[in-house]
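Chemist: quick one, fold the following:
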Amino acid sequence: MNSTIRIKLSVMMFLEFFIWGAWFVTLGTYLAINLQASGSETASVFSTQSWGAIIAPFIIGLIADRYFNAEKILGILHIAGALLMYQMYQSEQVGMFYTYVLGYMILYMPTLALVNSVAFNQMKDPEKEFPNIRVWGTIGWILAGLSISYVFHWDSSEGVTQGLLKNTFLLSGIAAFVLGIFSFALPKTSPKIVSNEKIRVADLLGLDALKLLKDKNFAIFFISSILICIPLAFYYQNAHPFLTSAGIENPTGKMAIGQISEALFLLLIPVFFVRYGFKKTILVGMLAWAIRYALFAYGNGGDLSFMLIIGIALHGICYDFFFVSGQIYTNSKAGDKYKSAAQGLITLATYGVGMLVGFAVAGWITDNYKMIDGTINWQMVWIIPAGIAFAVFLLFALLFDSKKEKEIKAI
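Modeler: Just a heads-up that it's a prediction; the model follows:
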């Protein structure tokens, strides 16, 4: 890969995740304070991510893989997304806001697969080359959070009160428009499937990989993956409003610690695989979710604020040790025949079904622990997902038989 293409792909990844990180992190606070959304209404808005993940395979399989170059569809989707982001910026009612977010997520979620497709198409050795390109996405997410907190100060107590968080949608919209135009200058990525080939829904959703569920261990992993997404949804939906209400200064910038942690712990996964094996590695990830939420439940924005920061920093272990390890495990179990289908099925099950349920549960719990004065009993809001995560930990620890598994290589 020449340096020009490497730079283009890095810029693509940077903008792709800068867009997401610039508005999604602060969304819960914006909905609660600026649009006076209830817990269930907030859950509905966040669940658009899951609907986008469910619909994405159809957009990719029916259009991107058959008729048009990936980079052109990427450009069109981001330009259209920029227009919807501007509508979100102008929206003042949660009902209309939901409509725009749903439309945006249906357009945005397919781009996650498209940027990977464009990148992989230029690589001769993806295992070595892709991490160096993908890391720019994490950097983009981190810089979005740092900019909101330390450059624009939109998430300060004054900024939130004055409604400045709405500017995050304008920032994301501008970045989306830039990426949309820039996409047409990316390397050409032609359709991979002949347009007149027969379309199978099972192929689009990865349903052929359901045959892997005959393996007891994989079935346990599959169920655990769905269940662990319930507590995961609590973090996405409630972490920023919680930190804001706790009085943590620059909460968006501090939440970027989670992405820094994610990048660092990604490097430790091969070490854990070699030394401890898949089961212990993934159990550490599950247990980290329970510990993180316990820290949130009993920490505060004053003398125990360090507990909240540690909880944020645990994001690397929570995400990498479970989800990345799970992708590696899925790849090893599926083999060449079901490799793509299995990854698609896991994505559909977690970001689609699992988080859809998780957002609904998180919204219901938040509403049920809202006091008469409008404040929220955050301790109970975090204890419940901590208990769910620990239950999933016990389920996997007791039922998954590592003795029946062959050695799995991290790389």
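
Chemist: ok, the closest residue to Ile228 other than its chain neighbours - contacts?
Modeler: Excluding its sequence neighbours, the residue lying closest to Ile228 (Cβ to Cβ, 6 or more residues apart in numbering) is Val392, at 5.1 Å. In short, each C-beta sits where N, CA and C put it, glycine included. Shown in contact with Val392 (Cβ atoms under 8 Å, 6 or more residues apart in numbering): Ser224, Leu227, Ile228, Pro231, Met286.

Chemist: packing partners of whichever strand or helix holds Pro131?
Modeler: Of the helices and strands defined by DSSP states H and E, Pro131 is found in helix 126-146. Judged by 3 or more Cβ pairs under 8 Å, 6 or more residues apart in numbering; DSSP states H and E, the packing partners of helix 126-146 are helix 3-23, helix 94-120, helix 251-266.

Chemist: please repeat the previous calculation with a cut-off of 10 Å.
Modeler: Applying 3 or more Cβ pairs under 10 Å, 6 or more residues apart in numbering; DSSP states H and E, one finds that helix 126-146 makes contact with helix 3-23, helix 94-120, helix 167-183, helix 251-266.

Chemist: coming back round to it: give me the PyMOL select line for the contacts of Val392, limited to the buried ones.
Modeler: In PyMOL, a selection of the buried entries from the contacts of Val392 looks like this (16 or more other Cβ atoms under 10 Å):
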select buried, resi 224+227+228+231+286
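
Chemist: any chance of the contacts of Val392 in TSV, plus secondary structure, distance to Gln90 and pLDDT?
Modeler: Formatted as TSV, the contacts of Val392 follow (DSSP: H, G, I helix; E, B strand; the rest coil; distance: Cβ to Cβ, whole Å; pLDDT from 0 to 100):
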residue	secondary structure	distance to Gln90	pLDDT
Ser224	helix	42	95
Leu227	helix	38	95
Ile228	helix	37	94
Pro231	helix	34	94
Met286	helix	42	95
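
Chemist: name the residue closest to the centre of this structure, please.
Modeler: Nearest to the mean C-alpha position of the chain, by Cα atoms, centre = their mean, lies Tyr351 at 7.6 Å.

Chemist: that one contacts Gln343, doesn't it?
Modeler: No: the pair Tyr351 and Gln343 does not pass the contact test of Cβ atoms under 10 Å, sitting 11.8 Å apart.

Chemist: could you list every residue that touches Glu405?
Modeler: With contacts defined as Cβ atoms under 10 Å, 6 or more residues apart in numbering, Glu405 is in contact with Asp215, Asn217, Phe218, Gly277, Phe278, Lys279, Tyr329, Ser332, Lys333.

Chemist: buried subset of these, written for PyMOL?
Modeler: Of these, the buried ones can be selected in PyMOL as follows, counting by 16+ other Cβ under 10 Å:
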select buried, resi 217+218+278+279+329+332+333
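
Chemist: check pLDDT for the contacts of Glu405 and point me to the minimum.
Modeler: Lowest in pLDDT among those is Ser332, which has 80.

Chemist: what pLDDT is listed against the closest residue to Ser224 other than its chain neighbours?
Modeler: Of all residues not flanking Ser224 in the chain, Phe396 sits nearest, at 4.8 Å (Cβ to Cβ, 6+ apart). Note for Phe396: predicted pLDDT of 96.

Chemist: give me the buried positions along whichever strand or helix holds Phe396.
Modeler: Per DSSP H and E: Phe396 is located in helix 378-399. Using 16+ other Cβ under 10 Å as the test for burial, helix 378-399 gives 378, 381-386, 388-390, 392-393, 395-396.

Chemist: and for stretch 311-331?
Modeler: Judged by neighbour count (16+ other Cβ under 10 Å), stretch 311-331 contains these buried residues: 311-326, 328-331.

Chemist: gap between it and the chain center?
Modeler: Computed by Cα atoms, centre = their mean, to the nearest Å, the chain-centroid distance of stretch 311-331 equals 12 Å.

Chemist: then stretch 7-20?
Modeler: Offset of stretch 7-20 from its chain centre (Cα atoms, centre = their mean): 16 Å.

Chemist: now stretch 89-104
Modeler: Worked out by Cα atoms, centre = their mean, stretch 89-104 lies 20 Å from the chain centre.

Chemist: return the set of buried residues in that stretch.
Modeler: For stretch 89-104, burial by neighbour count (16+ other Cβ under 10 Å) applies to Tyr89, Ser91, Val94, Phe97, Tyr98, Thr99, Tyr100, Val101, Leu102, Gly103, Tyr104.

Chemist: ok, so of the residues you listed, who is nearest Met255?
Modeler: Comparing the buried residues of stretch 89-104 against Met255 with Cβ to Cβ places Val101 closest, at 19.8 Å.

Chemist: from what I can see that closest one touches Tyr89, true?
Modeler: No: taking contacts as Cβ under 10 Å, Val101 lies outside contact range of Tyr89: 11.7 Å.

Chemist: common neighbours of the two, please.
Modeler: In contact with both Val101 and Tyr89: Trp23, Phe169, using Cβ under 10 Å, 6+ apart.

Chemist: quick one, helices of the stretch 301-411 of the chain?
Modeler: For the stretch 301-411 of the chain, helices defined by DSSP state H, counting those that start in this stretch occupy the ranges 305-313, 315-319, 325-347, 355-368, 378-399.
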